[in-house]
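**Student:** whatever this is, show me its structure:
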Amino acid sequence: MHKIPVSVLIQTKNEEPSIEKCVAALSDFDEVIVVDSNSSDRTAELARACGAQVINFTWDGKFPQKKQWQLQHAQTRHPWILFLDADEYPSPELIAEIAAIVSNPSEHRVAFDIPISYYFAGRELKHGHQVVKRTLLKRGYNEYKDTGLVKLPVITELEVHYQPEANGDVGRTEGLLAHHDLDPVRTWFDRHNKYSDWEAYIHADPVMTRTVRAFKSDQGQRFDVVPFKPLAFWLYSYVVRRGFLDGRAGFDYAVALAGYYWQIGLKTRELKRSGWRLADYV
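**Tutor:** From the prediction side, this is the model:
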């Protein structure tokens, strides 16, 4: 059986609990590369034992961040790149769909948005709000632009919450990418507390708001301008998108994300009162 001519790039930093399952789910792909950020656990060792190539990435605090660095510097056998986190793996339907996409000589699209099958508090959410990531990219046609985000005081090495810019048509898959975080739920709140800092700095500066909004998904752009966003989001996720069908986990997820948007608003108002601007910071 021929392998799918796609190079999978897995982003890791101390992902020992997840990395073996992630790599094992990618056996249909011709090349799997773990891009590790100086893990202090056995992530790199386990990845190699599973047959993945491992390269190390050390961020210097400047542009480019991790994914754009890979597009510029990581040597891959194939032009099609699938970016994954260590707690993500493609469904069988998505694997078949990707195989069909990359083997089609008349395929004109250069990037694909992939909907996420999300797990929260140990349960797969089949309803409610659905995240979509532009994570299947054709090399040479996509770029994570320098938005100035690396100057923010809370920025990290990995591009989050904005999409790469595609120089060509963008498609969307039917198959899903499973996001199954094995960490305790408190880590979700730890991450989103940092994300809300990041978003607040952006929203407090009109220039940054306009710049970053252009690189967000259409869904993200729409939510950015919704009034009473925490309540609106809860109603959208739990009622309109029928998150209630996922039981207690659907309720908890809707509440958690509504609280996240409330944090962003609260922190943004605080920064605006202080007169914060990125130009003053740098």
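**Student:** roughly how far apart are the residue lying closest to Ala86 once chain neighbours are set aside and Val212?
**Tutor:** Excluding the flanking residues, the one nearest Ala86 by Cβ to Cβ, 6 or more residues apart in numbering is Glu15, at 3.7 Å. All C-beta atoms are positioned from the backbone trio N, CA, C, and that covers glycine. Note on Glu15: its distance to Val212, by Cβ to Cβ, to the nearest Å, is 27 Å.
**Student:** who has more neighbours out of these two?
**Tutor:** Glu15 (26 against 23; other Cβ atoms under 10 Å).
**Student:** give the contact list for the more buried one.
**Tutor:** By Cβ atoms under 8 Å, 6 or more residues apart in numbering, the contact list for Glu15 reads 22, 39, 41, 43, 86-87.
**Student:** mind checking which of those residues are buried?
**Tutor:** Among the contacts of Glu15, those buried by neighbour count (16 or more other Cβ atoms under 10 Å) are 22, 39, 43, 86-87.
**Student:** next SSE downstream of the longest helix along the chain?
**Tutor:** Ranked by number of residues, the top helix in the chain under DSSP state H is helix 247-274. Remark: after helix 247-274, the chain's next helix or strand is helix 278-281, criterion DSSP states H and E.
**Student:** and that next one, what's buried?
**Tutor:** Buried residues in helix 278-281 (16+ other Cβ under 10 Å): Leu278.
**Student:** now do stretch 45-61
**Tutor:** Within stretch 45-61, judged by 16+ other Cβ under 10 Å, the buried ones are 46-47, 50, 52, 54, 57, 59.
**Student:** give me the contacts around it.
**Tutor:** Contacts for stretch 45-61 (Cβ under 8 Å, 6+ apart): 10, 12, 16, 19-20, 23-24, 31-38, 44, 65-66, 69-70, 74, 150, 157.
**Student:** how about 6 Å then?
**Tutor:** 19-20, 23, 32-37, 44, 66, 157 (Cβ atoms under 6 Å, 6 or more residues apart in numbering).
**Student:** quick one: the strands in the protein?
**Tutor:** Secondary structure of the chain by DSSP state E: the strands cover 4-12, 29-36, 53-56, 80-85, 88-90, 111-120, 123-125, 132-138, 142-143, 165-166, 170-172, 177-179.
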